[in-house]
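[1] starting from these lines, generate the structure:
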Amino acid sequence: MVDLHNKSIAAVLNNLSEAFMIMDANGRIDFLNSVAEDISGYTNKEAKGMRCNDLFKSSVCDHDCFFKNDTCSKKTCNTRELIIHNKNGCPIWVECTTSAIVDTDGTVAGAVDVFKDISKIRMLKENLKVSEYKYRRLFESTKDMIFITSQSGRLLDFNQALVDLLGYRKKKELYALEFIEKLFIDEMHWQVFKSQIKLNGYVKDFEAGFKTKEGTRLHCSLSANAVKDDHGNILGYEGIAKDITARMDSFRSLYKHHQELRLLNTIAVTMNSVQDLDEVLDIALNEVMALLDFSIGAIFLINHEKHTFELRAQTGFIKRLYIKPENLEFHDKELEAFLLGADNFVTPKSIFPSFRISLNISKLKKSITLTCFLITEKEKPSGFMAFWIKDEEALSIEDFHLLGSLGNFVGGAIANINLIETVQKHREELKRVTAQLFHSQETECKRISRELHDETGSSLIGINLKLDAVENKISGDAFEIRSMLRQIKGQINATYLGMRRISHRLHPALLTDLGLEPALDQYISEITEQSDLVVSFKMIGFSDRINADIETVLYRFSQEALSNTLKHAHAKAFKLSIIKGYPSIIFVAEDDGVGFDPDTDQHERPSLGLLSMRERAITQGGKFDLRTAPGEGTRIRIEIPIFKRELSQKECV
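    Next up, the predicted model:
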């Protein structure tokens, strides 16, 4: 045995960094150094004579005691990890190496036990093991694709999600590809991916397409960073790829719905702003073809009078190649007969089944097959849209519903435009009839005025002269007869003056002979003599006389405005202005009277005069504007174009 009583040897053992324990041949402790004292909690003096398993209180020592082995085993080293308990009963992980002490004659004189506290190491190992377990569980359980590659792109590791989402069965199938760039639809994306990481050190939300085992596209969003060594050199890449295929599909669907709404809105705006049917059809056709990426399309409308189909809009083929309606050949002859028939009523639906026609192009000696969608107007078919579609299977149910909705929408546009054209036609007819009525009225007034002035006036003057002759032949004492004759002559003169006033109002001779301004001056003078109304009148810009019909219309406007003021306005002043400019003559009549509410007072005051003024203005192609309110007077403004589209005298007669 070593002389442990030698202080030098004890000092050396106490300076060792590891716990050192010496036992005799019976397994009893003979020496503990200071490190062993710290670990066990026992002093050298307390431990002396104890067995090691009494000191360590370890079950391992009970079952695997060094001194229970045979002599051969005792000559070997035995290293193991075990849990011991210190004096206070606290467990401590130690790594223990036991070696036999052999005398010169080969007998075992004892054993040396070197052990060290590995609790922290064990804890780190356990933590590392837990971390590795968590990492691996996270790595494998996440539904996103995780990959680790070398700097060249060689696949080093990846999770099961990458295998599953790309349609492979086992990881070894992916490892067989070797390089990650083979997973990209476009391998250039991998080069861009690496360039961005080299530039920024990372990539976030990099969109790229992965290729599944079947060759289909998987839309992915990649986030990754570079793995670098201590010198900043890139060793590899680690990243996550999210499957955003569903999101991209939703985005495309949303975008498509947006485009569909934009299409319908464009047609709606066109319907509101354009009244030309061919223009509406062209816009509708071009918009839907751009949306659905069609290259050839046309719209045919039914001409019931000619019992055929008319090409009204086309894109993608030359119109002159469509020579005659006979170039169209329906695959369904019964449908063709139904569409051209008289009793072709249909029940309104959101979409009708598509049908096919062949368009025979004689100049090219070929035909193309078009897929058609019905256009309905209320409960009647009015035509169809025809498109050349490469692959009908590529069209979604939403596309078919869009085309069905568009057919109903275009049908509504056709109905509205036809209705507008009918209303416009009736309006023009009414305008023409009104113009004829006004012209006839003026002609009749002029005729009656002339007859009153020329015939009736002359007759009254003749009667008056004959009465003068009779009066001259009566004797001087016939005072009663003379008085009666004077009364008759007075009545005749009064009748003559009244007739002249009526004749002047029907159509003043001054208007025909001298023009508008003298006629209005005389008319206004008569009004001011008979009323307290202060009238101001001016005409500006009239160097020469204008069209006689327009002069008559302006004279009637003035008559009606002044008459309304006298009858209803209770005004003190009236102002009349007629200004000749370019391109219109502007008529303005205003008073300072009581005014009225044009929306609610029509039943309380005559509106026939105002209506007559409005209609006369419209027949001249002009504009009528009335501004009035209770207590604020009345202002009438009329514009009549100088170069108007008026009916000729011949048309009016």
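[2] ok, Pro598 touching Asp625?
    No: using Cβ atoms under 8 Å, Pro598 is not in contact with Asp625, being 11.2 Å away. Any C-beta I mention is one placed from the backbone N, CA and C, and that applies to glycine too.
[3] of these two, which one has the most company?
    For the pair Pro598 and Asp625, the greater number of neighbours falls to Pro598 (15 against 12), based on other Cβ atoms under 10 Å.
[4] what are the contacting residues of stretch 157-177?
    Applying Cβ atoms under 8 Å, 6 or more residues apart in numbering, the set of residues contacting stretch 157-177 from outside is 139-140, 142-148, 155, 183, 210-214, 218, 241, 243.
[5] show me how the protein divides into domains.
    Per automatic domain parsing, the domain ranges recorded for the chain read 7-124, 142-243, 254-425, 508-652.
[6] closest one to Thr495 among those domains?
    Taking Cβ to Cβ, domain 508-652 is the member of the domains of the chain nearest to Thr495, at 18.5 Å.
[7] nearest to Gln491, out of the domains of the chain?
    Comparison of the domains of the chain against Gln491 by Cβ to Cβ identifies domain 508-652 as nearest, at 21.6 Å.
[8] avg pLDDT for that closest one?
    Domain 508-652 carries an average pLDDT of 82.
[9] what ranges does the stretch 51-200 of the chain have for its strands?
    78-85, 91-102, 108-117, 145-150, 155-158 (DSSP state E, counting those that start in this stretch).
[10] same question for the stretch 551-653 of the chain.
    573-580, 584-591, 623-628, 634-641.
[11] to Gly106, which of those strands lies closest?
    strand 623-628 (136.1 Å).
[12] tell me what that closest one is packed against?
    helix 608-619, strand 634-641 (3 or more Cβ pairs under 8 Å, 6 or more residues apart in numbering; DSSP states H and E).
[13] contacts for the shortest one, please.
    Just to be clear, that refers to strand 634-641. By Cβ under 8 Å, 6+ apart, the list of residues contacting strand 634-641 reads 550, 553-554, 557, 561, 564-565, 569, 583-591, 593, 595-596, 610, 613, 617, 620-628.
[14] pairing partners for it, with directions?
    Strand 634-641 has its sheet partners listed here by DSSP bridges as strand 584-591 (antiparallel), strand 623-628 (antiparallel).
[15] contacts for the shortest one, please.
    Outside strand 623-628, the residues that touch it by Cβ under 8 Å, 6+ apart are 595-598, 610, 613-614, 617-618, 634-639.
[16] quick check: Glu632 touching Gly593?
    No: if you go by Cβ under 8 Å, Glu632 and Gly593 don't touch, sitting 9.3 Å apart.
[17] settle it for me: which of the two has more neighbours?
    Taking neighbours as other Cβ under 10 Å, Glu632 and Gly593 compare with Gly593 leading, 22 against 13.
[18] what values do phi and psi take at that one?
    phi -80, psi -160 (degrees, to the nearest 10).
[19] could you verify my assumption that it touches Lys567?
    No: in terms of Cβ under 8 Å, Gly593 does not count as a neighbour of Lys567; the distance is 10.4 Å.
[20] one step back: so which of the strands of the stretch 51-200 of the chain gets nearest Leu403?
    The nearest among those, by Cβ to Cβ, is strand 145-150 at 38.9 Å.
[21] which strands border that closest one, and is each parallel or antiparallel?
    Strand pairing for strand 145-150, determined by DSSP bridges: strand 155-158 (antiparallel), strand 234-243 (antiparallel).
[22] can you put the ones you listed in a markdown table and add distance to Glu480 and mean pLDDT?
    Converted to a markdown table, the strands paired with strand 145-150 look like this (distance: least, Cβ to Cβ, whole Å; pLDDT from 0 to 100):
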| stretch | distance to Glu480 | mean pLDDT |
| --- | --- | --- |
| strand 155-158 | 141 | 90 |
| strand 234-243 | 127 | 91 |
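[23] turn these into a markdown table, including mean neighbour count and distance to Val114.
    Listed next are those as a markdown table, based on neighbours: other Cβ atoms under 10 Å; distance: least, Cβ to Cβ, whole Å:
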| stretch | mean neighbour count | distance to Val114 |
| --- | --- | --- |
| strand 155-158 | 17 | 40 |
| strand 234-243 | 18 | 40 |
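[24] dump those into a markdown table; add distance to Glu126 as well.
    As requested, the strands paired with strand 145-150 are exported to a markdown table (distance: least, Cβ to Cβ, whole Å):
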| stretch | distance to Glu126 |
| --- | --- |
| strand 155-158 | 24 |
| strand 234-243 | 25 |
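[25] and Leu281, which of those strands is closest to it?
    strand 234-243 (43.8 Å).
[26] could you point out which element follows that closest one?
    Per DSSP states H and E, strand 234-243 leads on to helix 245-273 as the next helix or strand towards the C-terminus.
[27] list the buried residues for that following helix?
    Neighbour counts over helix 245-273 (16 or more other Cβ atoms under 10 Å) mark 245, 248, 256, 259-260, 263-264, 267, 270-271 as buried.
[28] do the same with stretch 562-574
    562, 564-566, 568-569, 571, 574.
[29] distance to Lys489 added to those residues, as TSV?
    Supplementary listing: the buried residues of stretch 562-574 in TSV, determined by distance: Cβ to Cβ, whole Å:
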residue	distance to Lys489
Leu562	34
Asn564	38
Thr565	37
Leu566	33
His568	39
Ala569	40
Ala571	40
Phe574	38
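[30] closest one of these to His331?
    The nearest member of the buried residues of stretch 562-574 to His331, counting by Cβ to Cβ, is Asn564 at 69.5 Å.
[31] does the closest one touch Leu610 like I think?
    Yes: using Cβ under 8 Å, Asn564 makes contact with Leu610 at a distance of 7.4 Å.
[32] coming back round to it: Val470: which of the domains of the chain is closest?
    So among these, domain 508-652 is nearest, using Cβ to Cβ, at 31.4 Å.
[33] just the element for Ala208, please.
    Residue-wise, Ala208 maps onto strand 202-211 under DSSP H and E.
[34] hey, what's the nearest residue to Phe300 once chain neighbours are set aside bridged with?
    Excluding the flanking residues, the one nearest Phe300 by Cβ to Cβ, 6 or more residues apart in numbering is Phe309, at 4.4 Å. Note on Phe309: beta-bridge partners by DSSP bridges are Ile302.
[35] residues contacting Phe309?
    300-303, 325, 328, 340, 383.
[36] list buried residues within these.
    For the contacts of Phe309, buried by 16+ other Cβ under 10 Å: 300-302, 328, 340, 383.
[37] out of those, which is nearest to Leu516?
    Closest to Leu516, out of all of those and judged by Cβ to Cβ, is Leu301, at 51.1 Å.
[38] appreciated, that's everything.
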